[in-house]
Every structure is written in C-alpha cells, then in structure tokens.
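Asks: Got a predicted structure here, sequence first:
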Number of protein chains: 2
Amino acid sequence: MKITSRFTVAVHTLLAIYVLGKEYKMTSDFIASSVNVNPVVIRRTLSSLKTAGMIDVKAGSGGALPVKDVNDITLYDIYMAVDCVEGGLFNFHENPNPKCPVGKNIHAVLDSHLSDAQMALENELKGVTLANLMEQLNLLI
Amino acid sequence: MKITSRFTVAVHTLLAIYVLGKEYKMTSDFIASSVNVNPVVIRRTLSSLKTAGMIDVKAGSGGALPVKDVNDITLYDIYMAVDCVEGGLFNFHENPNPKCPVGKNIHAVLDSHLSDAQMALENELKGVTLANLMEQLNLLI
DNA sequence: TATAGTTGTAATCAAAATGATTACAACTAT
DNA sequence: ATAGTTGTAATCATTTTGATTACAACTATA
C-alpha cells in the first residue's frame, strides 16, 4: 500500500496559501477547487496544519493565513502533521510463532532495518522546505 | 497507509526456507505455522519468490528449496518480488486543477522529491542481504 | 497404477482504511 | 440580522488486504 494522499493534498494546500494568499481569500472552497477534492477534505487538512502551527484559520471569518516561515516548514513536517505513517511505515505480520526459531526472532532481526529504511525516507523529506518548493514553483508560473 | 505485510511475510518465509530447509520439508503448511497466517497466503508468497528466481517449488512433491545465494538476495529484491509499492510509494490526489497556477505545476514541483524519498528508502533496503539477516539470526538461535 | 500429500489458483468473505459527501451547529464580519 | 465561513459528526462507496474455502492438477511412492 501507499502513503495517503492527505500528504500531497496538504503540500498543495500550503503552497496555495503561501503563494496565492496575498491575492485571494483562501477559503476551503477556493483551495478545494485547486486541489480538486471535496471542501471538507480541505477543512480537515487545514485543521491538521493549524494544529501543527503552520497556518491560522478562524471559524466564521474564514480564509487560511500563513504563520510559520517557509524556511521552517519541511516536507517531513507536513508528513508528520497529517499522520501519514502512525506506528511505522511497514506492516508486520501479527503473531509469528514463538515456538519456531525463526518466528521467535524475526522481529529482533528485521525491525532495525525497517526502521532504518523509514528514517532514510524521512530524512530525505526533511531536506526539502516549503521555500524550496516555492522557488521551483515561481520559475514555472 | 503502510507497506503491506506481504513483505515481512516474504522475508520470514525466505529465512525459514534457508535456515530450516535442511532439517525440515518446507511445505506451505509448515511455513504458515511459523509465520502464523493461512497456508494459501504462503503459497502466494512462494509463487512470487519463485517468479523472482529465489526459490523453487513444485506442485505435487511439495517443499520449497533455495535457489539463489543468500548474498544475492537483498531486502529490496524481496520488496520488489511481492509488489509492495507498484506505481510509487506516495499517493497523489488525482486531478489538480490545471487552471490554477499551483494545481498546474504541483506535479512538476513535487514529483522528484517524492521519488528521491522513495529511492532513499529503497537504497537502504538494497544494503541488507539475506546473508546479513541469517548471520544475525544465527547469533540468536 | 492408485493413493496420499502437495501446490496453484479462482472465488468469496470480512475487516479496515480512505476519501466523498451530507448536514448542521457555531462562529464572525459587516 | 445576515451571509459566508469553519468545525465536525455521521454515513457511504470504494479499494485493499488478508482469511478462507474449494478443488483441479501434479508428483512421489507404495
């Protein structure tokens, strides 16, 4: 299986807010039409990003506003904000047989390698900031 | 979401075959009781591993046998053999709005970074061989 | 060659996760 | 007071997963 699209939706949402926020009021409806998903999906995303301290949203008045500096938001931060891989990236079969020498030790043998692989992925995400993405984006607009 | 347990099941299966194969006949039933899943799940796993050229299984006579050298099987090879992330590790929202400057360019901006992250994970898996795992396992048995 | 023990695979099922959608209360600016 | 929002619960359909049943096909061997 794959990592939930909540992640790319959240990145898209932040880019929209930071890039278009001065020109438009960034309501969930507006963002939803850029991302092309249901506005409720965006409201949930905004809620996560707000909890993570990246943006501000107020019920009633509406419109999301940037809070954090673009250099202080990495892809990893966003990935964490929307709970992509709670409890580890890899699924593990539940009850290996403890009476079998392999079943008994499979976790001891495998866990650290899986964790290393997950960390490698996450470190890569830590190396990309929203500022980087905006820089790339501005060259294309 | 997470990477399917087919992967850890396959690693467990190979370890069982390579470590216990001299002592026992490695039928799907036998392996299933070590992994603690349904024998059919193991037969499907064996089928994938056979297609990848790692083991041999014959209908009728039964019992899986090692084919490849343990130094020539990495965690990445196993991960590929059981199709963990066909079509990319990350889900992407399907139809970003091409009329929006962000929607239009979100793929151009994001794809390479996601691909880099996936490659970082996979490179880590390439660095671990079945020989490494067996070495660790033998210290514990 | 008949048989017992396997594998290969299709079909079905239940469970879990995901995202879509509806609905509506609560809030805020004007 | 109102219009436009957000926040969130509830429901739904879809997809994916792994479990399970069932059975044909195959092989060694008695």
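Replies: Right, received. Where do you want to start?
Asks: From now on I want contacts and neighbour counts done on CA atoms only, so please keep to that.
Replies: Noted.
Asks: Which residue ranges of chain A form strands?
Replies: Secondary structure of chain A (DSSP state E): strands at A:55-56, A:65-66.
Asks: Adding distance to DNA strand C and mean pLDDT, write those strands out as a markdown table.
Replies: Output for those, formatted as a markdown table (distance: least, Cα to the nearest atom of the strand, whole Å; pLDDT from 0 to 100):
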| stretch | distance to DNA strand C | mean pLDDT |
| --- | --- | --- |
| strand A:55-56 | 12 | 94 |
| strand A:65-66 | 13 | 94 |
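Asks: how much space between A:Gly21 and DNA strand C?
Replies: Distance of A:Gly21 to DNA strand C, given as Cα to the nearest atom of the strand, to the nearest Å: 16 Å.
Asks: Surely A:His12 and A:Val35 touch.
Replies: Yes: using Cα atoms under 8 Å, A:His12 is in contact with A:Val35, at 6.9 Å.
Asks: still on that earlier bit, among the strands of chain A, which comes closest to chain B?
Replies: Between chain B and the strands of chain A, the shortest gap by Cα to the nearest Cα is with strand A:65-66, which sits at 16.2 Å.
Asks: Pretty sure A:Asn71 sits against A:Lys126.
Replies: No: if you go by Cα under 8 Å, A:Asn71 and A:Lys126 don't touch, sitting 11.4 Å apart.
Asks: on that earlier part again, figure out which of the strands of chain A is closest to A:Ser28.
Replies: Ranking the strands of chain A by proximity to A:Ser28 (Cα to Cα) places strand A:65-66 first, at 11.9 Å.
Asks: Now tell me what touches the closest one from outside.
Replies: A:Ile17, A:Tyr18, A:Gly21, A:Met26, A:Met54, A:Ile55, A:Asp56, A:Val57 (Cα atoms under 8 Å, 6 or more residues apart in numbering or on different chains).
Asks: The residues you listed into JSON lines, with extra columns for distance to DNA strand D?
Replies: JSON lines is the format used below for the contacts of strand A:65-66 (distance: Cα to the nearest atom of the strand, whole Å):
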{"residue": "A:Ile17", "distance to DNA strand D": "11"}
{"residue": "A:Tyr18", "distance to DNA strand D": "15"}
{"residue": "A:Gly21", "distance to DNA strand D": "12"}
{"residue": "A:Met26", "distance to DNA strand D": "6"}
{"residue": "A:Met54", "distance to DNA strand D": "13"}
{"residue": "A:Ile55", "distance to DNA strand D": "10"}
{"residue": "A:Asp56", "distance to DNA strand D": "8"}
{"residue": "A:Val57", "distance to DNA strand D": "5"}
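Asks: I'd like these written out as JSON lines, with neighbour count added.
Replies: Output for these, formatted as JSON lines (neighbours: other Cα atoms under 10 Å in any protein chain shown):
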{"residue": "A:Ile17", "neighbour count": "23"}
{"residue": "A:Tyr18", "neighbour count": "20"}
{"residue": "A:Gly21", "neighbour count": "17"}
{"residue": "A:Met26", "neighbour count": "21"}
{"residue": "A:Met54", "neighbour count": "21"}
{"residue": "A:Ile55", "neighbour count": "20"}
{"residue": "A:Asp56", "neighbour count": "18"}
{"residue": "A:Val57", "neighbour count": "18"}
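Asks: Cool, thanks, talk later.
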